[in-house]
Each structure stands twice: as C-alpha cells, then as structure tokens.
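Visitor: This is a predicted model, with the sequence first.
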Amino acid sequence: MLVAVLLASNASAGDLWRTDAKVLSCAPKVLRAGGTLSITLGPGHGSEMAVHRHSDNVYFFIVVRQPPVDMVSLMSPEEFAKARRISLSAASTGYAWVHGRGQEPIFTTSGRYSVETSEILESERGGHRCTFEFRK
C-alpha cells in the first residue's frame, strides 16, 4: 500500500517531489561511515520524514503520524514540523517499510540516498527532497 504510493509518487518525481534548499537541504553531499548528516528545514517542510535508499528502493520512516507499534520515531510529527535542523548519524536506524522488516540501520550500502519530507508521506501530495551519497 504505502510503498506503492511512494513508488507512484517517485515515478513522477518532477511533479510531486520538489528540491528547494530553502525548505530542505542535506549536508554533506557525501556522508561517510562515522559521519553525521545535517538536515536543514525551512518553512513548509511538513510533519513527516523518510530516508530513501535508492540501491534497493527501501524507504526508512523516521517521523510519521501513525507509526507502526514497533517503530522508534526520532520525534513527534508536531516537533518535526517546528524543527529547523536535525542530525542523523551514519549509524541511525529507521523503520524499513518492507513486509517482515522493521527498525534497522539505514546506511548499510554505499550509494545514493534521499531525505523526503511531506505533510503526509502516504499520499500523492509529494513534498520536498534532498539527495546525497553515502560511502562506507
């Protein structure tokens, strides 16, 4: 369900997922093992966040309104909506949105990743995205 909506959203990424550093930016552009990703959030960034690992198309939920019972959220959606800067270490975990999986390390494979924010990730409303590389 959710993955299908996210995949459909990404299929037309030019329409639904915007890149605007005033709303969402990630630094550094190359995250290394032991490093920290700094995420700067501007007005209108939304109240939910996920990290997308492109190599296997897995989404890791970090903040969502109705989390699965066993999900460990970074913060509440209300706190996230007000946040202006957050950090994710290269050792961070997220809730892998794949049947039979759950909370697990995000940065396990070198390659391209995106942080995606939205008012509702599980919708076709889209949101904002910043992309970076992770290298072991």
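Guide: Nice, thanks for sending it over. Numbers count the residues shown, from 1 in each chain.
Visitor: make it CA atoms for all contacts and neighbour counts henceforth
Guide: Noted.
Visitor: Going by neighbour count, list what's buried in stretch 91-108.
Guide: 93, 94, 95, 96, 97, 102, 103, 104, 106, 107 (16 or more other CA atoms under 10 Å).
Visitor: Would you agree residue 62 falls within a strand?
Guide: Yes. Looking at residue 62 with DSSP: H, G, I helix; E, B strand; the rest coil, it is inside a strand.
Visitor: and the buried residues of stretch 91-108, which of them are in strands?
Guide: 93, 94, 95, 96, 103, 104 (DSSP state E).
Visitor: what is the third one paired to in the beta sheet?
Guide: The reference is to residue 95. residue 61, residue 103 (DSSP bridges).
Visitor: Just give me the closest of the buried residues of stretch 91-108 to residue 87.
Guide: Among the buried residues of stretch 91-108, residue 93 lies closest to residue 87 (CA to CA), at 12.3 Å.
Visitor: Show me the shaky parts of the protein.
Guide: Scanning the chain for pLDDT under 70 picks out 1-15.
Visitor: that's a strand at residue 79, yeah?
Guide: No. Assignment of residue 79 by three-state DSSP gives helix, placing it outside any strand.
Visitor: Now for it: which residues touch it?
Guide: Applying CA atoms under 8 Å, 6 or more residues apart in numbering to residue 79 gives no contacts.
Visitor: Need the buried residues of stretch 91-108 in a markdown table (columns: distance to residue 135).
Guide: Putting the buried residues of stretch 91-108 into a markdown table (distance: CA to CA, whole Å) gives the following:
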| residue | distance to residue 135 |
| --- | --- |
| 93 | 17 |
| 94 | 18 |
| 95 | 21 |
| 96 | 20 |
| 97 | 23 |
| 102 | 23 |
| 103 | 21 |
| 104 | 18 |
| 106 | 12 |
| 107 | 9 |
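Visitor: before we move on, the earlier item: which one of the ones in strands among the buried residues of stretch 91-108 is nearest residue 51?
Guide: Nearest to residue 51 among those, with distances taken as CA to CA, is residue 94, at 7.9 Å.
Visitor: list the contacts for the nearest residue to that closest one once chain neighbours are set aside?
Guide: Spatial nearest neighbour of residue 94, excluding adjacent residues (CA to CA, 6 or more residues apart in numbering): residue 60 at 4.8 Å. By CA under 8 Å, 6+ apart, the contact set of residue 60 is 50, 51, 52, 53, 93, 94, 95, 96, 97, 106.
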